[in-house]
Structures are given as structure tokens and as C-alpha cells.
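> Pasting the sequence and the predicted model now:
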Amino acid sequence: MFEQELAGIAGHIKAALAELGLPDPGEVKWQATPFAGQWGQGTNICFQAAAAEARSAGRKVNVPQRAQELAQQVVARLAPPPGFARLEADKAYLNAYFDTPSYAARVVEAVLTAGADFGRGPAKPEQVMVEYAQPNTHHSFHIGHARNALLGEVLARVLQFAGYPVIRASYPGDIGLGVITILWAYDKFYKGQEPAGVHERGQWLLKIYAEATALLEPQEGETAEAAARRAAFDAERRELYRRWDAGDPAVRELWRVTREWSLEELREILAELDIAIDVWFYESEVDEPSKAIVDDLIARGLAEDQRPAGPVVVKIDEKLGLTKDKYRTAVVLRSDGTSLYLTKDLALAKVKFEQYHVDRSIYVVDFRQSLHFQQAFKILELWGFPQAAKCHHLSYGYVTLPEGGMSARRGRVVLFKDVAEEAYRRVHAVIEEKNPELAPAVRDQVARQLGLGALVYSMLSVDNVKDIEFRYDDALSFDGKTAPYIQNAHVRAASILRKAGALPPPVNFDYDLHALEVELIDLLTRFPATVQAAANEYKPLHMANYVYELAKTFHSFYHEAPVLQAESPTVRAARLRLTAAVKQTLANALRLLAIQAPDVM
RNA sequence: GCGCCUGUAGCUCAGUUGGAUUAGAGCGUUUGCUUGCGGAGCAAAAGGCCAGGGGUUCGAAUCCCUUCAGGCGCACCA
């Protein structure tokens, strides 16, 4: 928030070093000072200057000692600029300490004036599409899908708040061998059946898939008879896929009806998570256009057509002249002419850039598909697609269970719906114990806010690259570094403000500020930069860590510094406004994390 | 075999892109704090050779090399 002032000081520092006859040490970078209760920014520029001097002198110099000397000389030459209390040389660092009373008021008023927009970045021209929520249809939505949907949604929110126009895209896998497998089993064993209820139908399809896979997978030590039966089943399945591909009306109808069962469930869950998708792409819709791309790749000599004996392939490494295996060889069309996942992603990229005019396209897909995306983007590049370099795969770790990876094939999954229900139950139990006077009407709402919040936070407070081993007790904990802890800080602030009545008019923080007040104000100034960092690095984790720090500091402040019973009207007014600013910032940060900020709990 | 990723406290994880008193949190363990703005809280203790070994640098958990351990991927699944 104080970039201009700091840039001004930086200029003076560089001028002072030049006057001392030192080589240009490069850019002055500021970082917060690590001392609690003091509010300042420091730079290590004197280290750089001393090191540069030592290099040019070509003789042995004690760099830390020389750096401290320089820092002291610079401090002696400079007067603190307006708004700053003092400049100090400390362990070779140059530290600038803010004049707390004037800046404290400035920060708090800036937050309260901007309100829900506090932290929003300047508008940027680059339009970004974020693709996430790509579960396969004909399956039920499990906890791994939830991580994907949340990561994508929060990335979209953060990018948007950082200043980018964002389009949210979903790409359900509504066709492919997996989907056909379910249609085959349904048609053969369960034709005409249909359980009642949105989630029941979804879970039922999952059960059918597990059964079908068991019938189609080679078994250990199977008899020749069993193997023959399996081969016959597989032939039936392939034939069904061929009929789908040819547009057989009966197959298409069965496919449409069962697909709608899944999409209904998906839409309901996305609504529960407060996710509103702008554009829906379906794999089935890019199926035909993708085949035209393959024809073009063949025509240009990029792809090799081995049909009917083999598939159509692109030998990527060979085309790039690489000798080691890196991108390898990719199959872009089956020998029977049906398309693959990779084929469709080529067509989808074209649609995104040409029909939706985006400037950057982010794919939120777990890391096991890294090679797939490297291949897809590289083929696009070879093909001469101009925006190939604007495609980014946001890879993240997957969600496992203590007993191993989740597997739809084995029916070993934890369904999102079950976790959410359990979360609500647990919050209700805590309310019963801690806040029994809470009106029944708001209990359900609070249970959803906290239960879902806990789940969401547990998924977003881990770095993208890390796998998450899912356990109920970890994901649905309400103590410590969790959403309810953060939400509780918001509730406490709300409670204080409610008791105070109207917010007093702005005052100067013209008193000896408590160390925790200084820390809170310091944290407030860091929010806008945190939003930008989270957007630039695709890391919701920055947001999750920030909001926890803010909540934690507020909890401490709450215990140590009385607000309503403050020692004077000025202190009381200042702390009330600070409390309001913290509450606003907590709410803004939680909103970016797709977590609700309740006023009571 | 080749490629990508990971290794920090008993467990789960941060570490602001190479900086600062003593590497930080949460859970768990031990101990204090409620006639007090809501205790889903606060304060404190114990717990570390940052996987091992080299190197670069004034300075390394962070960069480079290497060894070890684990995960994932590698031609017609998505």
C-alpha cells in the first residue's frame, strides 16, 4: 500500500550510496521487518553494495561488517521522509519505520472506504479462461472432484479480484470408453431400471461401473471359458461404441438420458459449493471437429496414419529432433477411427481461443495428466496453433484414502455428498454443546457455512503439488488452523460491532498503539499484494495462509486489548474502526476462498 | 530404462522466490487463563543435523551436482 513512499526512499538510498562512491547495487527490494510490534520495511541493499564493492576491489573484505558501515553512513545522510518515524541501520539492514498514528488511520480508512472492494487489483486487459470441474458423467461426484472444483473456483475468484476478466468453463467427460462401459452394462443387465433421487441415481451408475469393470478385466488364473466370455463382452462394448460413433438413435438416446442423471447431480453440487460455471463444453461436442484436425495433421505430414493395421500417431520427440524420451509418441486417433481424450483437447483449445476470444487458458487437472497436456500443447505448437504457448496446465496432487488411491473401478471412493452431510451433523453437535440458544432457524445455515467451510479450507490450505490423504477427522476439524477458527474471528468482530451500535467517525490513532494493533494494521496493508501473488502463482494457499494469520492476530488482540471497555473514547473509537476494517478484510479473503463469513455461530 | 513431482518437529503442513534476535504453525502431549467485547478462544513448555553428501555465495530449507527413499506417468483409458 505504500509503494510510492518506499520507492521515494529507495531513490534517496541509491543516491547516497552513489555519493559514497559505490557501484550500483541494483534494485532496492523491501520486505517487512521481522520484529513484532514495530511497523517497518527493510532492505538488504547494503549487502549488495558491499558485495559489489568487494568484487570490484578484488581483495578480501568482511562483507557483513562493511555493509553495516554503509548502512550507518546512509542513515546519517538521510532524514526520515514525511510519514516515516525513523530510519535505522540494523545488522546491515536499512529499516524504515512508519509513523504509526498517521499511517494507522490511513490504512483503516482505506479499507473501510473500499469495503468489499478492498484488495481488488487494477483492471487488466488479458481475458483468462479457467477450466475445471471436469468429472466424467455416469459417475458420482467424489471428494477428489471436490478438490478440483474448489481449486478451479478459487483460482477464478482470485484472478477476477486481481483484475482479470475471467470465464469459468466446465468440461464434463460425457463420452469415452468408460461411459460406454456403463451403457453396455446398464443395457445388458439393468435395462429400464432407474432409482429415485438425484444422488441415488449417480451412485447407482458408479456401482454398475464397478461391476462392469470386474466382468471386463482379466482375472488371475481365469479359465479359457471365462476368457472367451470376457472377450465376447469386450466385443459387445466396442460394438456399442462404434454404434454411438455412427449416431445410432437408440444408443444416443440411452446415452442422453443417463448422462442427464449425472449432470443433474453435478449442477446441484456446484450450486451447493457456490460455483457458477459460465461455459459448458462437452467432450461429445468436440468429437467431430477433432477428427478434422487429425486429417489436417496427416495432410501436413505431422501425423502418421497406420490404419487399418494401427492408429494415427504423432511422433513428437522425432519431430522435435529429441533423442531422449520426453514427449514420446501420442496416439491421436484409434485404428477404428474413433477419437481419444487427446484428440478432443486439440479441438477444445481451438474453440476456447477462437470462439471465446480468451488470451490465456488454464486447465485445472491433477498431475497424473501432465504428460497428456505436454503432448497436447506440443502438438498444437507443431501444428502452428498461435496460442499454444498461452495454454497452462495447473497440475495439483490428488486425494487419496488411508487405504490407498480412490478408484471408481473398484468402487472405492468417498463421495462428496457423504462428507458434506457428516460435516453438517458435526457442526450441529458442536452448536448443541457451545451455543444452544442459537435460534433453530439459523442453525442449519450456520451448519452449512461452517461444515462446508471446514472442508473447503482443509483442501485449500495445502500447496497444489501435495497429495491429500483424506480423513474425516482432519478434514472436518473445527479447532486450530481451520475455517471455523477464522470464521470465529469474524463472528467476534461482528459481535463487538453489534454491541457498539453505530461506528464512530474516523479518528487519529494518536496514542501508544498496542503491538498487536500494529501487527493487525501491518497485515491489512499486505492483503492487496497477497491477492496478486495468489493470482500470479495460481496459489490459493497464499490466501488461506493470509486469512489465518489475520484471524490469529485478531484473536490475540481480542484477548489483550479491550475495545468496548478501552481506556479512553479515542482508543475505543480507533479500535472499533480497526475491528471493522479487520472484519471487512476477513470477509473479503474468505469470499475469495469460497468460504462464508457468518455473523453468528 | 526415460520423464515429472515429493522428502522440514511424533503426525499433518507453512516457509513471502537467496537474507536478519533462536527455522515457523496446527494437531497430539504437559501447564496456566472464564464475576471479562462469545473459551470453536488466549498464554506458555517440550519437541528439528530442514533425507544424506559435495559445491556456489558475505549469507542456503531455498540455487547447482550427486546418492538414497517414496509417489505418478510413459502407443490406440480418461
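Noted; the coordinates are in hand.

> Would you mind pulling up the elements that the helix or strand where residue A:252 lies packs against?
Taking DSSP states H and E as the criterion, residue A:252 maps to helix A:249-272. With contacts taken as 3 or more Cβ pairs under 8 Å, 6 or more residues apart in numbering; DSSP states H and E, helix A:249-272 sits against helix A:177-189, helix A:198-216, helix A:224-246, helix A:416-434. From N, CA and C alone the C-beta is placed, and that goes for glycine too.

> Give me the buried positions along that helix.
Buried residues in helix A:249-272, defined by neighbour count with 16 or more other Cβ atoms under 10 Å: A:251, A:254, A:255, A:258, A:259, A:261, A:262, A:263, A:265, A:266, A:269, A:270.

> Compare the mean pLDDT across the helices and strands packed on helix A:249-272 and name the weakest.
Here the lowest mean pLDDT among these goes to helix A:198-216, at a mean of 86.

> what's that one packed up against?
helix A:177-189, helix A:224-246, helix A:249-272.

> residues in contact with the helix or strand that the last one is followed by?
Stepping forward along the backbone from helix A:249-272, the first helix or strand reached (DSSP H and E) is strand A:279-280. Judged by Cβ atoms under 8 Å, 6 or more residues apart in numbering, the contacts made with strand A:279-280 from elsewhere in the structure are A:129, A:167, A:168, A:169, A:170, A:171, A:172, A:356.

> Show me which pair in those is furthest apart.
A:172 and A:356 (17.4 Å; Cβ to Cβ).

> What strand or helix carries the residue nearest the centre of chain A?
Among the residues of chain A, the one closest to the centroid is residue A:151, at 3.6 Å (Cα atoms, centre = their mean). Element membership of residue A:151, judged by DSSP H and E, is helix A:143-162.

> Listing partners with orientation, what would you give for the helix or strand following that helix?
Once helix A:143-162 ends, the next helix or strand along the chain (criterion: DSSP H and E) is strand A:166-170. Sheet pairing for strand A:166-170, assigned by DSSP bridges, gives strand A:128-132 (parallel), strand A:279-280 (parallel).

> Now mean pLDDT too, for these, in CSV please.
Listed next are those as CSV, based on pLDDT from 0 to 100:
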stretch, mean pLDDT
strand A:128-132, 97
strand A:279-280, 97
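
> Please identify which of those strands is closest to residue A:180.
strand A:279-280 (21.0 Å).

> Neighbour count for residue A:172 and residue A:356, which is higher?
residue A:172 (20 against 15; other Cβ atoms under 10 Å).

> From RNA strand B, how far off is the closest residue to the more buried one other than its chain neighbours?
The shortest distance from residue A:172 to any non-neighbouring residue, by Cβ to Cβ, 6 or more residues apart in numbering, is to residue A:137 (5.3 Å). Residue A:137 sits 9 Å away from RNA strand B, going by Cβ to the nearest atom of the strand, to the nearest Å.

> List phi and psi for residue A:137.
Note on residue A:137: backbone dihedrals following degrees, to the nearest 10 are phi -70, psi 170.

> and if you look at residue A:332?
Per degrees, to the nearest 10, the backbone of residue A:332 is at phi -110, psi -10.

> got the contact list for it?
A:294, A:297, A:303, A:311, A:312, A:313, A:314, A:340, A:342, A:343, A:346, A:379.

> same thing but at 6 Å, please
A:294, A:303, A:312, A:314, A:343 (Cβ atoms under 6 Å, 6 or more residues apart in numbering).

> do residue A:281 as well
residue A:171.

> Report the separation between it and RNA strand B.
12 Å.

> Residue A:336 now?
From residue A:336 over to RNA strand B (counting by Cβ to the nearest atom of the strand), the distance is 7 Å.

> secondary structure class for that residue?
When classified by DSSP: H, G, I helix; E, B strand; the rest coil, residue A:336 comes out as coil.

> burial count for residue A:72?
Other residues close to residue A:72 by other Cβ under 10 Å number 16.

> got it, and residue A:373?
So residue A:373, with other Cβ under 10 Å, has 19 neighbours.

> which residues touch it?
Residue A:373 neighbours (Cβ under 6 Å, 6+ apart): residue A:393.

> that older thread, redo the helices and strands packed on helix A:198-216 as CSV? Include distance to RNA strand B.
Formatted as CSV, these follow (distance: least, Cβ to the nearest atom of the strand, whole Å):
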stretch, distance to RNA strand B
helix A:177-189, 4
helix A:224-246, 8
helix A:249-272, 13
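
> To residue A:142, which of these lies closest?
helix A:249-272 (10.5 Å).

> can you state the direction angle for that closest one and strand A:166-170?
Angle, helix A:249-272 to strand A:166-170, by axes from the mean of the first three to the mean of the last three Cα atoms, to 10 degrees: 130 degrees.

> what separates helix A:249-272 from the chain centre, distance-wise?
Centre-to-centre, helix A:249-272 and its host chain are 27 Å apart (Cα atoms, centre = their mean, to the nearest Å).

> in the stretch 451-600 of chain A, what residue is nearest RNA strand B?
residue A:480 (2.0 Å; Cβ to the nearest atom of the strand).

> any idea how far that residue lies from residue A:454?
11 Å (Cβ to Cβ, to the nearest Å).

> ditto for residue A:159
25 Å.

> Can you pull the residues of the stretch 101-250 of chain A lying near RNA strand B?
Within reach of RNA strand B by Cβ under 7 Å from any atom of the strand, the stretch 101-250 of chain A has these residues: A:136, A:173, A:176, A:177, A:178.

> Of those residues, which is the most crowded?
residue A:176 (20 neighbours).

> what's it in contact with, if anything?
So residue A:176 contacts nothing (Cβ under 6 Å, 6+ apart).

> Low-confidence regions, chain A specifically.
A:1, A:58-60 (pLDDT under 70).

> Report the closest residue of the stretch 101-250 of chain A relative to RNA strand B.
Closest point on the stretch 101-250 of chain A to RNA strand B, by Cβ to the nearest atom of the strand, is residue A:176, at 2.6 Å.

> phi, psi of that residue?
Torsion angles, degrees, to the nearest 10, at residue A:176: phi 140, psi 170.

> From residue A:124, how far out is it?
Counting by Cβ to Cβ, the gap from residue A:176 to residue A:124 is 36 Å.

> Neighbours of residue A:339, how many?
By other Cβ under 10 Å, 25 other residues sit near residue A:339.

> repeat for residue A:300
11.

> Skipping its backbone neighbours, what lies nearest it in space?
Per Cβ to Cβ, 6+ apart, closest to residue A:300 is residue A:383, 7.5 Å.

> before we move on, the earlier item: between residue A:480 and residue A:454, who's got more neighbours?
Between residue A:480 and residue A:454, residue A:454 has the larger neighbour count (other Cβ under 10 Å), namely 23 against 9.
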